[in-house]
Every structure is written in C-alpha cells, then in structure tokens.
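J.: With the sequence up front, the predicted model follows.
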Amino acid sequence: NIIKESPGNPSVTAAVIFKIKTLVELKKNDEAKATALDFLNNYPSSKYIDEARMLLAGIYLEEKNYDKSFVQILNIIENSDSLIYINEAVSAANNFALEYLSPIDLKSRINSYRNSYTKEFLTFLTAQLQIDQRLFDDAIVTLNELLNNYPDSDFKEGAELLISQISNGEISYLKESIICVMLPLIGNRSADDLTSSKEILEGIKFAVDEFNKGRDDKIGLLIKDSEDDRAKIVSIKDEIINDPSIKLILGPLFSSEVEIALEEFNTTDIPILSPTATDNDLTQLNKNFFQANPNFIIRAKAMAQYIYFVENKRDMAVLNSIEGYSPLLAAEFTNEFERLGGRIIAKYTYKSENLYSDIKIDSTELAAAEGLYIPLSNKADAPLIFSQLVKNNINLSLYGNQDWFQAKGFETSPELSNKMIFTSDYFIDYNSSLFQDLNQKFIAKTKFDANRNVLYGYDSAKYVLTILRNINRDRKNIQLKMEDGITVTGFHNNISFNHEHVNLFMNIVRYNEGYFELVDKFKVGK
C-alpha cells in the first residue's frame, strides 16, 4: 500500500526492498528481479541501493547467471559510499570468483571500471585465482602490474607478501595440508547425539571431496574419534601436536567436550573450530578457538540490533522464564538494546510450564511498548504464552529465540503468531536450486538427504577450505585470515569472525500463515 499510494513517501524505498525480499522467499524470482531492476533505475540515490544490488546478485546466482551476479557485486565496490557494504562486497566477490570464475574472466573486466580501488581489487583477485590454479609465474606478473600501476594501493602489502611467499616456495602447495576432524563417534553420548555427529562428519567429508576434485593441492582429512573422553582427547593431541601438516581442527561439537579440548590444547598453536558449540566464554579458554555456531550473547545481540536498526523500534518489553538459558538471553538482550539507546519499559518472568499461576502481565503497562521479546528455554511453553497474551489482550509484535522454531501452538492464535520473528542459527531453503543441486549430489554419494546436521558440517568445512586458499598455510596465518572478517555464505547460516572468534551471523526468521520464512541473514555489528 505504501508503494502504491505514496510514491513520494521516504518509506517507499524500504517498502520496495521488503517486497523484493518477500518475492525471493516466495520463489517469484522473475518478479523479484524485475522489481530490483526497477528499484535501481528509479531510486539510484537511495540509501538502500547497495542492499538492492546485493539482493539482485543473489537472484542472478540462484539462476546460475554468474556474470550478472558478479557485476552487481562489483557495482557495490565501484559505487558505494558505505565501507560496510564495500567490505561485504569484497568478501562476497572473493568467494564468488574462487567458486565460479577464471583469471581470464577477471582480467577482461579490469578496464571496464573507472574507480581505482575496483581496478586494484580485480587485479589482486586475478592474482589470487592464478595462485589457486597454480599459475605462479602468471601471478607474479599480475602482482607486479598491481604494484607498478598502483604504488599506493590498499592491496600493496598483500601483493608484496604473496610475491615473497611464491618466490620463497612457501605457496607451492607441495607440502601436505590436513584438517583434523575430532568428533565423538562412539562413547557416552546418546544415540541421537552420536547420529548427529556422524551426519556432521558426512557433511565435512562431502565438502572436502568437492573441493579436491580436479585439484593438485588436495586437502587431507584425519578423522579422530574423541569418544567424548578427556584421555582420548589428550591422546589425539599428543599424536598431532608436532605434525606441521595438521593445519586446523574441526570439532568437537558439544560445549562440554569443547571445553575439555580447549583446556588440553591450550598450549598449542593449532586453530580449533567447533561447528555447533554455543556456550558463552568458550573463546576465553583458548586463544586459538573459533565458534561457528553463535553463542548466547551473539544471539541476543542479533535480535536487539535487528529490532533497533532494521525495525526502528525504541521501546520494548521482555518476558522470560526463570529457568534454563532464558534469563541469560533476556539479560543480554536488555543490555544490548539499552546500550543502543532503546528502552525496556517492562520486564516479566514466569516459571516454565506453570504460566497460569505465575505470569502477570499488565496490558496498560505495555501500552507504550512496540514489541515483546520472549526467549524460550522450553518450547512447550509456547501455547501457554500465546494463551496468556490473548487472555491479557496483548497484541504486540513478538520476538524470540530459536526454540520458537520447534514450538507448537502457532495456529491457536493466528493474529499474534503472524507477528512472531525470532533468531535461529539455521534456516534451510529447501526450494533453492543451489540447495537442491547440492542435495542431489549428496544423496548420490551417501544415500541420504543433506539435513541440518550435514549442513553444519558442510558449511564449517567450506569456510575452512576457503580460508586455506591462497595463503601460506602455517597455523598463525590461518588464524589471522580467520580473524580478518571474511564472510563465507552457507546453506544453514553464513560464517564470519572478528577478533572475538564467535560467528557474527544469525538468521532472522518469521512465522507467516503457517510457514516459516527467512527475513535476513543478519550480521551483528559492534
């Protein structure tokens, strides 16, 4: 209605962007593409222009129109005034080029752009692809062209380092590179936990197998069963600690076992990446540890920042249980929302599965609230919460955590349910052609579907393999590159780290008329 009735309204551009996202979620790619192209033509000065280009790049990628997708990413680098979007586009272009383009593809584009930074970036990226294809002499020529043509380039230091590493034989890939996968495959864990672990392992193996096809510089896997046992973990450490070919450890999975591993590996220099551990403070136990699954702090921050910056809301209320991780999420959300400048105008608590006697919500007190944050620690509470909100005449936008994904009772309160948005560390678009292609290949190899656990493993391994490209593969360099903020697009979630070593991405999901829809893959800011 905003778009149709108020074309001059400043809100119209935000409404068009929302429409594009909705069309993408509904798989109406032709209409989404047409709307995005119209947006670029009609609102070239909009503050949402970079977001429109990124959405259009994703649509073209879904259609496997790699050339047009890459052009939209480069247009952001060429024209954007936003350092955040430029950095995101540079990261996306790096990953895109390594996956879909050749050095010749890149080199032919350089003179098509006027912005010096874009030309420098494409030249540097061309050299990286040449290195990736073992065209080391060509890479040195390209890097020298960069240094000669752009002596003050932002990529000067990186170019000089690559020339030095190639000349010294440090980037020859002749030295063996191995990822140690350390997961509990037998032991004291439940049957469900061990099944999850084995599925994650299959995802890791599949990602590495895909990477190695047609490559001379293959990455090896050393698979070790940790058995969820300290003595076994110590034994694995003693076996691999002095082997320089072991570049990184993928695993363990469960926070309790991760804590043991971090203590035992604390004096080593091996980077450790857990695909699934979620506890806070794990990164404080070992300076080499990276957490691909966001911890509770990031989860709460993501919801607070999304509400504050994207939905532009300033007055919120909080309802949480007194059990489990619900109080922790509520506290972190409150701290972050108030830090940003928002207000928490009311706080309520309840005892899980005992809402009828414990919850007291004053609808008049919530008159000024723009939404209610409800982090569950027990999905069984959801129907009772809906019932209590209806009983108390509460009709607000609702926000929550991942437990709402598995909750029941949405159909009992449709008006409220359709106002629910929550964070999740996974969202799988089963209708995506990219996912369907992956799933078909995975089924052909393993005889079962690529489920959520498989994708935890696959995406974590894909991230590691991206990091291992085009660098001197010593452990320190690997860690520095991981800290550099590189974003790798995943099927269940994106992965990107900073110096705090916790993945900054969370999926924002909404409930709409019986379906869950992805709103955004949201990156937490400072």
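T.: Thanks, I have the structure now. Just so we're clear, the structure is a prediction, and the values are computed from it rather than from any experiment.

J.: C-alpha from now on. contacts and neighbour counts both.
T.: OK.

J.: gap between residue 487 and residue 91?
T.: Look at residue 487 and residue 91: by CA to CA, to the nearest Å, they are 6 Å apart.

J.: can you pull the alpha-carbon coordinates of the helix or strand hosting residue 210 into PDB?
T.: Using DSSP states H and E, residue 210 sits in helix 191-212. Provided in PDB are the C-alpha atoms of helix 191-212 (Å, rounded to 0.1, in the frame of the first residue of the first chain):
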ATOM      1  CA  ALA A 191      22.300 -42.400  20.300                       C
ATOM      2  CA  ASP A 192      20.800 -39.200  18.900                       C
ATOM      3  CA  ASP A 193      24.000 -37.200  19.700                       C
ATOM      4  CA  LEU A 194      26.200 -39.800  18.000                       C
ATOM      5  CA  THR A 195      23.900 -39.900  15.000                       C
ATOM      6  CA  SER A 196      24.200 -36.100  14.700                       C
ATOM      7  CA  SER A 197      28.000 -36.300  15.000                       C
ATOM      8  CA  LYS A 198      28.200 -38.800  12.200                       C
ATOM      9  CA  GLU A 199      25.900 -36.700  10.000                       C
ATOM     10  CA  ILE A 200      28.100 -33.700  10.600                       C
ATOM     11  CA  LEU A 201      31.100 -35.800   9.600                       C
ATOM     12  CA  GLU A 202      29.500 -36.700   6.300                       C
ATOM     13  CA  GLY A 203      28.900 -33.000   5.600                       C
ATOM     14  CA  ILE A 204      32.600 -32.300   6.300                       C
ATOM     15  CA  LYS A 205      33.800 -35.200   4.100                       C
ATOM     16  CA  PHE A 206      31.500 -34.200   1.200                       C
ATOM     17  CA  ALA A 207      32.700 -30.500   1.300                       C
ATOM     18  CA  VAL A 208      36.400 -31.600   1.200                       C
ATOM     19  CA  ASP A 209      35.700 -34.200  -1.600                       C
ATOM     20  CA  GLU A 210      34.000 -31.400  -3.600                       C
ATOM     21  CA  PHE A 211      37.000 -29.100  -3.000                       C
ATOM     22  CA  ASN A 212      39.600 -31.700  -4.000                       C
END
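
J.: Now it: buried residues?
T.: In terms of neighbour count (16 or more other CA atoms under 10 Å), helix 191-212 has its buried residues at 193-208, 211.

J.: next SSE after that helix?
T.: Immediately after helix 191-212, counting by DSSP H and E, sits strand 219-225.

J.: List the pairing partners of that next one within its sheet, with orientation.
T.: Here strand 219-225 is paired, per DSSP bridges, with strand 177-183 (parallel).

J.: before we move on, back to that, report the angle between the axes of the helix holding residue 210 and strand 219-225?
T.: Note on geometry: by axes from the mean of the first three to the mean of the last three CA atoms, to 10 degrees, helix 191-212 and strand 219-225 are set 170 degrees apart in direction.

J.: Now do helix 191-212, average pLDDT.
T.: Helix 191-212 shows a mean pLDDT of 96.

J.: Name the surrounding residues that touch that helix.
T.: Residues outside helix 191-212 that contact it (CA atoms under 8 Å, 6 or more residues apart in numbering): 181, 183-186, 218-221, 253, 442, 450, 453-462, 465.

J.: Restricted to strands, list these.
T.: Among the contacts of helix 191-212, the ones falling in strands (DSSP state E) are 181, 183, 219-221.

J.: Please identify which pair of the residues you listed lies farthest apart.
T.: With distances taken as CA to CA, the most widely separated pair in the ones in strands among the contacts of helix 191-212 is 183 and 219, at 18.5 Å.

J.: What residues sit buried inside stretch 54-68?
T.: Within stretch 54-68, the residues that count as buried by 16+ other CA under 10 Å are 54-62, 66, 68.

J.: Let's see that stretch as PDB, backbone CA atoms only.
T.: In PDB, the C-alpha atoms belonging to stretch 54-68 read as follows (Å, rounded to 0.1, in the frame of the first residue of the first chain):
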ATOM      1  CA  MET A  54      23.100  -7.500  -3.200                       C
ATOM      2  CA  LEU A  55      19.600  -8.900  -3.500                       C
ATOM      3  CA  LEU A  56      19.800  -8.800  -7.300                       C
ATOM      4  CA  ALA A  57      23.200 -10.600  -7.200                       C
ATOM      5  CA  GLY A  58      21.600 -13.300  -5.100                       C
ATOM      6  CA  ILE A  59      18.700 -13.700  -7.600                       C
ATOM      7  CA  TYR A  60      21.200 -14.000 -10.500                       C
ATOM      8  CA  LEU A  61      23.200 -16.500  -8.600                       C
ATOM      9  CA  GLU A  62      20.100 -18.600  -8.000                       C
ATOM     10  CA  GLU A  63      19.500 -18.500 -11.700                       C
ATOM     11  CA  LYS A  64      23.200 -19.500 -12.300                       C
ATOM     12  CA  ASN A  65      23.700 -16.300 -14.200                       C
ATOM     13  CA  TYR A  66      27.200 -15.900 -12.700                       C
ATOM     14  CA  ASP A  67      28.300 -13.000 -14.900                       C
ATOM     15  CA  LYS A  68      25.400 -10.700 -14.000                       C
END
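
J.: Go ahead and confirm residue 275 touches residue 249.
T.: No - using CA atoms under 8 Å, residue 275 makes no contact with residue 249, being 10.7 Å away.

J.: where's residue 509, which helix or strand?
T.: According to DSSP H and E, residue 509 maps onto strand 505-512.

J.: what's the angle from the helix or strand just after that strand to strand 505-512?
T.: Once strand 505-512 ends, the next helix or strand along the chain (criterion: DSSP H and E) is strand 515-523. Going by the same axes, to 10 degrees, strand 515-523 is angled at 150 degrees with respect to strand 505-512.

J.: Report all helices and strands that strand 515-523 contacts.
T.: If you count contacts as 3 or more CA pairs under 8 Å, 6 or more residues apart in numbering; DSSP states H and E, strand 515-523 packs onto helix 11-25, strand 505-512.

J.: Go again with 10 Å.
T.: helix 11-25, helix 296-305, strand 420-424, strand 505-512 (3 or more CA pairs under 10 Å, 6 or more residues apart in numbering; DSSP states H and E).

J.: Could you tell me how far the second one lies from the centre of the chain?
T.: Using CA atoms, centre = their mean, to the nearest Å, the mean C-alpha position of helix 296-305 is found 14 Å from that of the whole chain.

J.: and that helix, which residues are buried?
T.: 296-305.

J.: if we take these, which one ends up nearest to residue 229?
T.: Closest to residue 229, out of all of those and judged by CA to CA, is residue 296, at 25.3 Å.

J.: export stretch 91-110 as PDB, just CAs?
T.: The C-alpha coordinates for stretch 91-110 follow below in PDB (Å, rounded to 0.1, in the frame of the first residue of the first chain):
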ATOM      1  CA  SER A  91      34.400 -10.700   0.700                       C
ATOM      2  CA  ALA A  92      31.500 -11.900  -1.500                       C
ATOM      3  CA  ALA A  93      33.500 -11.200  -4.700                       C
ATOM      4  CA  ASN A  94      36.500 -13.200  -3.300                       C
ATOM      5  CA  ASN A  95      34.400 -16.200  -2.600                       C
ATOM      6  CA  PHE A  96      32.400 -15.900  -5.800                       C
ATOM      7  CA  ALA A  97      35.400 -15.600  -8.000                       C
ATOM      8  CA  LEU A  98      37.100 -18.600  -6.400                       C
ATOM      9  CA  GLU A  99      34.000 -20.700  -7.000                       C
ATOM     10  CA  TYR A 100      32.800 -19.700 -10.400                       C
ATOM     11  CA  LEU A 101      35.300 -17.600 -12.400                       C
ATOM     12  CA  SER A 102      38.700 -17.900 -14.100                       C
ATOM     13  CA  PRO A 103      41.700 -15.500 -14.100                       C
ATOM     14  CA  ILE A 104      40.800 -14.600 -17.700                       C
ATOM     15  CA  ASP A 105      37.200 -13.700 -16.700                       C
ATOM     16  CA  LEU A 106      38.600 -11.300 -14.100                       C
ATOM     17  CA  LYS A 107      41.400  -9.800 -16.200                       C
ATOM     18  CA  SER A 108      39.000  -8.900 -19.000                       C
ATOM     19  CA  ARG A 109      36.900  -6.900 -16.600                       C
ATOM     20  CA  ILE A 110      39.500  -4.600 -15.100                       C
END
